[in-house]
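**Q** next come a sequence and a model predicted from it.
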Protein chains: 2
Amino acid sequence: MSPKITTELLKQLRQVMKSPKYVQEPVQAYIVPSGDAHQSEYIAPCDCRRAFISGFDGSAGTAIITEQHAAMWTDGRYFLQAANQMDNNWTLMKMGLKDTPTQEDWLVSVLPEGSKVGVDPFIIPADQWKRMSKVLRSAGHDLVPIKENLIDTIWTDCPQRPCKPLITLDLNYTGVSWRDKIVALRSKMAERKVLWFVVTALDEVAWLFNLRGSDVEYNPVFFAYAVIGMNTIRLFIDGDRMMDPAVREHLQLDSTLEPEFKIQVMPYGSILTELQAVGASLSPKEKVWLSDKASYALTEAVPKAYQYLTPYTPICIAKAVKNVSETEGMRRAHVKDAVALCELFNWLEKEVPKGTVTEITAADKAEEFRSQQKDFVELSFATISSTGPNGAIIHYKPVPETNRTLSVNEIYLLDSGAQYKDGTTDVTRTMHFGTPSAYEKECFTYVLKGHIAVSAAIFPNGTKGHLLDSFARSALWDCGLDYLHGTGHGVGSFLNVHEGPCGISYKTFADEPLEAGMIVSDEPGYYEDGSFGIRIENVVLVIPAETKYNFKNRGSLTFEPLTLVPIQTKMIDVSLLTQKEVLIYFFSVCFSWVVSVFISAGKRKKKKKKERKASFCQV
Amino acid sequence: MSPKITTELLKQLRQVMKSPKYVQEPVQAYIVPSGDAHQSEYIAPCDCRRAFISGFDGSAGTAIITEQHAAMWTDGRYFLQAANQMDNNWTLMKMGLKDTPTQEDWLVSVLPEGSKVGVDPFIIPADQWKRMSKVLRSAGHDLVPIKENLIDTIWTDCPQRPCKPLITLDLNYTGVSWRDKIVALRSKMAERKVLWFVVTALDEVAWLFNLRGSDVEYNPVFFAYAVIGMNTIRLFIDGDRMMDPAVREHLQLDSTLEPEFKIQVMPYGSILTELQAVGASLSPKEKVWLSDKASYALTEAVPKAYQYLTPYTPICIAKAVKNVSETEGMRRAHVKDAVALCELFNWLEKEVPKGTVTEITAADKAEEFRSQQKDFVELSFATISSTGPNGAIIHYKPVPETNRTLSVNEIYLLDSGAQYKDGTTDVTRTMHFGTPSAYEKECFTYVLKGHIAVSAAIFPNGTKGHLLDSFARSALWDCGLDYLHGTGHGVGSFLNVHEGPCGISYKTFADEPLEAGMIVSDEPGYYEDGSFGIRIENVVLVIPAETKYNFKNRGSLTFEPLTLVPIQTKMIDVSLLTQKEVLIYFFSVCFSWVVSVFISAGKRKKKKKKERKASFCQV
């Protein structure tokens, strides 16, 4: 991997930073955040501005360019990658290390007195603007919104914003019509006495209207905003995709509807002026509800006195609690996903010993098997297919430069998932195709114990997921081992594989309480740098539990694994498991696996008996 | 308990709220917070202003009086007590319930337009002022500081501020001289580039100067502030206690000292003007370090640009990590405490069946046995001595109206502790003097399992205590039981029985990581309203652990119980314990107990053999 040469680009950027064509007054620094205008985790190529200017294309990082310096803040996952991808115009700011300054503090230390720091107000979230602006102002500088994105002005071959066709989802998939979702949203608005709600996150727009798209890789979303009033619905979306008869019918655009359900379709780019008009029309005590992570541009479009900001929107919370149609869909999707992975493992068992399978071909084969399943749409994230030392790189993605051949001597870790029209999957299995060492089995078994401890945990209704995180670590901790990532994230239903507001992490203190119907991942791990990585991940559904005393009628919760992919028994040191763990393991994992193999067998009669046998041996 | 009649008092208060003698402009509301000027948990009688105006004397509560209303915010521990103690001039605002408005929201809903809300700026912490002031301002009202405390103006028989003699602690107790503590503090100040540090918490002043007092019941502290510069030390303290030769010698007030260790003693009341003078003398970039919980008055004495506020001060953090002299002192104190409680339990075993022991006499007897121990100073908190249904009231304190007689038919819970010159204790034991029911034993055993799970937990260096909270609940959760309080708090060394910055709670997210030398309590419980309460509490010391892999040299931690008081075996359903739990119980608790009984036996030769036997039978 050779670094991107950025000397010329930085020169151009520094010119536009002073050009009256783009800035009212010259800016002495320009911030290029990671995200898009919707604060998405995954972004479209046209939004990869930070990667364009620096060469560093990891999922998290912020670039700041001053007249003298160019600096990149990123976290521990990406120190190596960023160092490799950036030329020596750039200084790497290693976040999380003690001596690394914050962006604000660094700006204060390098800027001449009374400087102006520019940023695209659509890309920076309002809460972050507030924090930065405060520090800069107290040091005598100014954070200023620059209307035109300065990277776009020098990015001559910038790809177009995607505008792909939409998928409509009927009640079989969604369980609730978009009209009923609007009704529920308006009742939440009435509760909080707000008149308007602005939908800014792409997955929230998709969920609300029961539509999906493919504008962003891995996330079935499309570029749009919505503004919901008590009597109006405005959808801001571009392209001729609103001409699609299926979409028109789904949204009842051509029907005679009660006015409060009539959707006004408006250009994507008109959101700001429309929202400003809404803001200008308000009387005292009338409020507009936005996420506090919405862009500064949209937040400021509403005068401060009328803003009602919350960390989680009512859509985010409603979306997280899956209804019966959604959980049934998720179950179907996980059966299909298990069938595909059983086929893959069977294939790997046969092919790996030949020395012909690499991390990349294994990942491709996994996609091939998944794509043969009904209603497969795409992968839900870039497959982490890693063997040996690559397994210890937590967010590894195989590329030709790092691609290793799978062998009978190394542990193989596969973290992968798919989008099916009925659900989203995300599963990690760690395997050995030869004979694992006693140490590898020991570590694997501690991880498995942690995985089972979370999966089998019983807790009172209203418990926040972060309170369960230590259960996943206890067995590792007892031996002086740990892993430096959270234990679980919320999972969407044919939506983003990472979604809020729930999760299981020692870091997430702003998570919302777990409720029956929420879906999270359970994925403890252990990583030995330069040697191997272990992770065991299921997607689990929060369900009511039966307990002897039921928390004085507060209600009991536990998890039901949706993932049905077998866990390789040869990696387990059974002597380290308790009797209870063995029982849980056999009932929840093995039994589910047998079910999935039989489903597979039933559906694919042409598969030979011999192959099924091989697949059985593998666990 | 009959409520306090407050009609006349409220009338007087409403008059002074409009009187030009006390307020520049009339205030339409006046806030009476719980605390004192040092944000202490326990306060002196002269600071019990909220209790004076309302009658409600629980440890937590905020009163707000407007021209029409008088409202009291308190939490679930005190709903019943507040309702009983207040007359119907008052509205009880039950915090934690969904429909209860915040103080700010309530004010906004009841105040006429453009109101002024008054508060004593010495009593309200700066962070709380900020929050309230923002909400009020955005609704068109103003939070205004009222220099003279309006309650004090109508409290004609207000007790005097205590000003009791000081105790000096030598190196045997403290391990570090006050001079060395000042040196360490100045090095922390230099690290953060601050020139001044303001000590506002009473236990921080006491710890820094190796002095103790008795101005506040249960907390060996004295009313004082300190302002530490890089070359100056100012101690703000009243009374003739600085005339005490022992104190003068301890502080070297009459010695020829390097100027940077010369203590300037100033009147307690002059802190504000002195701090204002410091603030006025600062040049740009010079900073004054304060806790963000310091009073608004002191925080505002320093211009905003010069303030350096942190949630925990360097003294708070240093104080939490006990040195060898302090831990040895704590060990000695806990041996003495165990001896006293063994004597008490022996006495109870004999007396309870006679029906002559009440909650109050049992508490008195516990104090009597403790007071016979060497270096006993006072109790460390009001003894919770509760039997039967009273045990379910988590912060119960027996008073004649509620006093129950101990019997062989009810569970007895004793949560008590003492201040010894060498350490602070806090221990809870739950006992039965007859035959506990199977259900009582079942609940007790789950609590014990949780207690052991925390006590035996192993975790990496740098772990925050709140991550261990769920370990204490897991066994209870499995059966659908829980308790609605945290699991542990920091404990001072001959200082406050509750201290920051560490703890074990599902609520405490701002806790600092646990380090070897910190001391916390481990006290899960279970409460059955109207029936019984169970709690098992030890004070435990954070110590390095030995683990197989030692977290890649990050270091392993665990706990060592300091408390040596036996746990009653008849309350345990042994069939519910794992083999590991039984081993841990026997080695850590029983063994310690045998040690303490033998020490007791050795020290009190006159005690009859018969009594020792009875004491043995009791566990």
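**A** Nice, thanks for sending it over. Numbering: from 1, shown residues only, chains lettered A, B, ... in the order given.
**Q** the closest residue to chain B within the stretch 501-619 of chain A and residue A:502, how far apart?
**A** Relative to chain B, the nearest point of the stretch 501-619 of chain A is residue A:547 (3.0 Å; CB to the nearest CB). Heads up, the C-betas are built off the backbone N, CA and C, glycines and all. Between residue A:547 and residue A:502 the computed distance is 21 Å (CB to CB, to the nearest Å).
**Q** do residue A:577 as well
**A** 28 Å.
**Q** of those two, who's got more company?
**A** With neighbours defined as other CB atoms under 10 Å in any protein chain shown, residue A:577 and residue A:502 compare such that residue A:502 has more, 26 against 18.
**Q** residues contacting the more buried one?
**A** Residue A:502 makes contact with A:320, A:464-465, A:490, A:511-514, A:518, A:520, according to CB atoms under 8 Å, 6 or more residues apart in numbering or on different chains.
**Q** kindly report the same for residue A:538.
**A** By CB under 8 Å, 6+ apart, the residues touching residue A:538 are A:427, A:451, A:455, A:521-523, A:561-563.
**Q** can you do 6 Å?
**A** A:522, A:561, A:563 (CB atoms under 6 Å, 6 or more residues apart in numbering or on different chains).
**Q** the residue positioned nearest the centre of chain A and residue A:399, how far apart?
**A** Nearest to the geometric centre of chain A sits residue A:498, at 3.0 Å (CA atoms, centre = their mean). For residue A:498, the distance to residue A:399 (CB to CB) stands at 22 Å.
**Q** cool, residue A:459 as well?
**A** As for residue A:459, its distance to residue A:399 is 41 Å (criterion: CB to CB).
**Q** the helices in the stretch 51-200 of chain A, which residues?
**A** Listed in chain order, the helices of the stretch 51-200 of chain A (DSSP state H, counting those that start in this stretch) span A:79-85, A:103-110, A:126-138, A:150-154, A:171-174, A:178-191.
**Q** for residue B:34, find the nearest of these.
**A** Evaluated over those, closeness to residue B:34 peaks at helix A:126-138, with 30.4 Å, by CB to CB.
**Q** before we move on, back to that, between residue A:459 and residue A:399, which one's more packed in?
**A** residue A:459 (27 against 10).
**Q** quick one: contacts for the more buried one?
**A** Residues near residue A:459 by CB under 6 Å, 6+ apart: A:557, B:477.
**Q** what pLDDT is listed against it?
**A** Predicted confidence (pLDDT) at residue A:459: the value is 98.
**Q** phi, psi of it?
**A** Note on residue A:459: its backbone torsions stand at phi -150, psi 160 [degrees, to the nearest 10].
**Q** ok, what's across the strand from it?
**A** residue A:557 (DSSP bridges).
**Q** shaky segments in the stretch 1-150 of chain A?
**A** Along the stretch 1-150 of chain A, segments meeting pLDDT under 70 span A:1.
**Q** from it, which residue is nearest to chain B?
**A** Counting by CB to the nearest CB, the stretch 1-150 of chain A gets nearest chain B through residue A:138, at 6.8 Å.
**Q** near that residue, how many other residues are there?
**A** 12.
**Q** okay, it and residue A:104: tell me how far apart.
**A** Taking CB to CB as the measure, residue A:138 falls 10 Å from residue A:104.
**Q** domain ranges for chain A?
**A** Split into domains by the TED database, chain A comes to A:6-153, A:167-319, A:321-604.
**Q** most tightly surrounded among these?
**A** Among the domains of chain A, the stretch with the highest mean neighbour count (mean count of other CB atoms under 10 Å in any protein chain shown) is domain A:321-604, at a mean of 20.
**Q** just how off-centre is it within its chain?
**A** 16 Å (CA atoms, centre = their mean, to the nearest Å).
**Q** right, and the domains of chain A - which one's nearest residue B:551?
**A** domain A:321-604 (5.0 Å).
**Q** can you list the residues of the stretch 351-500 of chain A near chain B?
**A** Counting by CB under 6 Å from any CB of the partner chain, the stretch 351-500 of chain A comes close to chain B at A:458-460, A:467, A:470, A:477-482.
**Q** make sure residue A:454 is indeed in a helix.
**A** Yes: assessed with DSSP: H, G, I helix; E, B strand; the rest coil, residue A:454 lies in a helix.
**Q** test my guess that it contacts residue A:523.
**A** No: Residue A:454 lies out of contact with residue A:523 (CB atoms under 6 Å); the separation is 9.1 Å.
**Q** tell me the contacts of residue A:85?
**A** Applying CB under 6 Å, 6+ apart, the residues near residue A:85 are A:3, A:55-56.
**Q** before we move on, what about residue A:337?
**A** Residue A:337 neighbours (CB under 6 Å, 6+ apart): residue A:425.
**Q** where is the longest helix in chain A?
**A** helix A:324-351 (DSSP state H).
**Q** let me see the mean pLDDT of it.
**A** For helix A:324-351, the mean confidence score works out to 97.
**Q** following element in sequence after it, please.
**A** helix A:359-371 (DSSP states H and E).
**Q** which strands or helices does that next one pack on?
**A** Contacts defined by 3 or more CB pairs under 6 Å, 6 or more residues apart in numbering or on different chains; DSSP states H and E place helix A:359-371 against helix A:324-351, strand A:384-387.
**Q** could I get the ones you listed as a markdown table with distance to residue B:392?
**A** Listed next are the helices and strands packed on helix A:359-371 as a markdown table, based on distance: least, CB to CB, whole Å:
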| stretch | distance to residue B:392 |
| --- | --- |
| helix A:324-351 | 39 |
| strand A:384-387 | 51 |
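**Q** figure out which of the ones you listed is closest to residue B:342.
**A** That would be helix A:324-351 among those, by CB to CB, at 56.7 Å.
**Q** now that closest one against helix A:359-371, angle please.
**A** 140 degrees (axes from the mean of the first three to the mean of the last three CA atoms, to 10 degrees).
**Q** stretch A:215-226 - what's its average pLDDT?
**A** Computed over stretch A:215-226, the average pLDDT equals 98.
**Q** got the end-to-end distance for it?
**A** 17 Å (CA to CA, to the nearest Å).
**Q** residue numbers of chain A in contact with chain B?
**A** Counting by CB under 6 Å from any CB, chain A comes close to chain B at A:458-460, A:467, A:470, A:477-482, A:506, A:509, A:547-551, A:556.
**Q** all helices in the stretch 501-619 of chain A, in order from the N-terminus.
**A** For the stretch 501-619 of chain A, the helices defined by DSSP H, counting those that start in this stretch cover A:579-584, A:591-603, A:609-618.
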